[in-house]
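> Quick one, structure for this:
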Amino acid sequence: MPPESELLGELLPRLTRLSAVLTRSPVIEDAQRAAGATLDRPGIGVLTALRLAARPMRIGEIAENQQVAGPHVTRTVTGLEQRGMVHRVTDPDDQRARLVELTDEGAAAADRYVQTVFGFFTDAMAEWSPEDQRTLGLLLGRLVDDIAARLATP
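Presented below is the predicted three-dimensional model:
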């Protein structure tokens, strides 16, 4: 077996376990409750994408960020708009296009959600050195970017 296969043989089970642990944990549900609104995962996903981007975004950008189709995001944004959590504004670079922007209520819900999730990970990595935390962030970001790029290429 080539050395890279051995490395992947160690990595893939860990990624699978991480996914299972997070999926089965109460972290996301706790964070949704902390958001203080009865929001589903797509709604929370849109709010947090906008909050972490710290700027209004087009539907297509949000869809790419969430790795879902644009019509799904459009429906979610419409629901959030009806609840007063987002609104659409004219794109200053293209007057024909619209951007989705958080309202104060949407930003507050996103902040509560993100703070809960960040708190969980901060506690989980409390014994890690800042250097180890930065290294994980860099490598995980690189892995996600490379996988996303690979999946985007036909």
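
> Residue 22 - how many residues pack around it?
For residue 22, the count of nearby residues is 11 (other CB atoms under 10 Å). Glycine gets a C-beta too; all of them are placed from N, C-alpha and C.

> tell me which element it is part of?
Residue 22 belongs to helix 3-24 when assigned by DSSP states H and E.

> Am I right that residue 34 is in contact with residue 114?
No. Residue 34 lies out of contact with residue 114 (CB atoms under 8 Å); the separation is 9.4 Å.

> can you tell me the average pLDDT over the helix holding residue 22?
For helix 3-24, the mean pLDDT works out to 78.

> counting contacts, what elements does it pack onto?
Helix 3-24 makes packing contacts with no helix or strand when contacts are defined by 3 or more CB pairs under 8 Å, 6 or more residues apart in numbering; DSSP states H and E.

> Next secondary structure element downstream of it?
Next helix or strand after helix 3-24 toward the C-terminus (DSSP H and E): helix 27-35.

> Can you show me the CA trace of whatever helix or strand comes next after that following helix as CSV?
Using DSSP H and E, the helix or strand that follows helix 27-35 in sequence is helix 41-53. Extracted C-alpha coordinates of helix 41-53, given in CSV (Å, rounded to 0.1, in the frame of the first residue of the first chain):
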residue,chain,number,x,y,z
ARG,A,41,-30.9,24.3,9.8
PRO,A,42,-31.2,26.0,6.3
GLY,A,43,-32.4,29.2,8.0
ILE,A,44,-29.6,29.1,10.6
GLY,A,45,-27.1,28.4,7.7
VAL,A,46,-28.2,31.5,5.8
LEU,A,47,-28.0,33.7,8.9
THR,A,48,-24.6,32.5,9.9
ALA,A,49,-23.2,32.7,6.4
LEU,A,50,-24.3,36.3,6.2
ARG,A,51,-23.0,37.1,9.7
LEU,A,52,-19.6,35.4,9.2
ALA,A,53,-19.2,37.1,5.8
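
> Helix 41-53 - contacts with which helices or strands?
With contacts defined as 3+ CB pairs under 8 Å, 6+ apart, helix 41-53 has these neighbours: helix 27-35, helix 59-66, helix 70-82, strand 86-91, strand 94-102, helix 104-124.

> okay, the ones you listed in TSV with distance to residue 16 next?
Output for the helices and strands packed on helix 41-53, formatted as TSV (distance: least, CB to CB, whole Å):
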stretch	distance to residue 16
helix 27-35	18
helix 59-66	22
helix 70-82	26
strand 86-91	34
strand 94-102	34
helix 104-124	18
